[in-house]
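compute the structure for the input listed below.
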Amino acid sequence: TGVVPFMALLLLQRRPVAGRALLGTGSGCPGHSLCRSNVQEQTRRQVALLNATAQDLFSLYLKCQGEPFSSESDKLCNPSGVFFPAFRVNRTSERKEVMVAMYKLFAFLNASLGNITRDQEELNPTAKELLDRLHNTTKTTRGLISNLTCLLCKNYNIFQVDVNYGESSKGKSTFKKKQQGCQVLRKYVQVIAQAARVLLPHLSPP
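Numbering: from 1, shown residues only. Just a heads-up that it's a prediction; the model follows:
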């Protein structure tokens with residue numbers, strides 16, 4: 001049983017533009033009964049899992065792209081050249097502010113992972129371990145979005161969030177596709193560590 005319907009949300013996440021993600025299906029939040037009883041613990045575990053596996057995913061991605069990415073990652077994967085949503089919350093921020101920032105972050109990340117996975121299926125179709133990790137990370141991210149959706153609706157009656165999904169790599173050269181992927185994944189490694197530090201205390205049992 002899912003927390004909220006996903007179809008409209010996931011379609012929006014494929015768009016490489018700013019948009020408004022509808023967290024529910026109507027003009028308000030769905031019933032609280034759609035939340036799992038362990039939604040906070042599950043959300044905590046998902047964030048911890050993403051944080052624990054992010055660096056390995058980035059390292060494997062670099063390995064599969066070959067040269068010059070393997071030897072010049074500091075230069076080629078500098079994330080300053082790629083859009084990533086601002087993440088300005090900290091441990092002292094209000095819980096509501098943290099949850100909204102998290103939703104924006106992981107909605108963007110889910111769209112970016114879809115973009116990177118599509119490119120890698122085209123450029124590295126035999127890189128099974130990389131593709132499996134990308135699919136697994138995407139699956140975890142989608143589950144996390146579902147749980148954040150539930151928490152935002154249940155606790156704050158928030159059912160719409162403005163999200164910027166960044167830039168699509170469609171139509172770019174092979175090099176640019178690989179570079180955009182490594183820039184996003186490097187930034188992801190940095191931001192998910194920060195997100196874990198900020199979010200986990202807010203989800204700790206009382």
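
contacts and neighbour counts: CA atoms only from here.
OK.

how about residue 163, secondary structure?
Assigned with DSSP: H, G, I helix; E, B strand; the rest coil, residue 163 falls in the strand class.

so it bridges to which residues?
residue 19 (DSSP bridges).

ok, it to residue 172 distance?
Look at residue 163 and residue 172: by C-alpha to C-alpha, to the nearest Å, they are 23 Å apart.

kindly report the same for residue 41.
From residue 41 to residue 172 the distance is 40 Å (C-alpha to C-alpha).

check residue 80 too.
Distance from residue 80 to residue 172, by C-alpha to C-alpha: 19 Å.

do the same with residue 72
20 Å.

equivalent analysis for residue 201, please.
Separation of residue 201 from residue 172 (C-alpha to C-alpha): 41 Å.

and for residue 38?
Residue 38 sits 43 Å away from residue 172, going by C-alpha to C-alpha.

try residue 151
Applying C-alpha to C-alpha to residue 151 and residue 172 gives a distance of 38 Å.

in a strand, that's where residue 36 is, yeah?
No. Counting by three-state DSSP, residue 36 is not part of a strand but coil.

which phi and psi does it have?
Backbone geometry at residue 36, expressed as degrees, to the nearest 10, gives phi -70, psi 150.

swap in residue 88?
The phi/psi pair for residue 88 (degrees, to the nearest 10) reads phi -110, psi 10.

before we move on, what about the one 4 residues further on?
Dihedral angles phi and psi of residue 92 (degrees, to the nearest 10) take the values phi -90, psi 0.

what's the pLDDT at it?
We have a pLDDT of 87 for residue 92.

measure how buried it is and give me the count.
Number of residues near residue 92 (other C-alpha atoms under 10 Å) recorded here: 10.

measure it to residue 63 for me?
Relative to residue 63, residue 92 is positioned 38 Å away (C-alpha to C-alpha).
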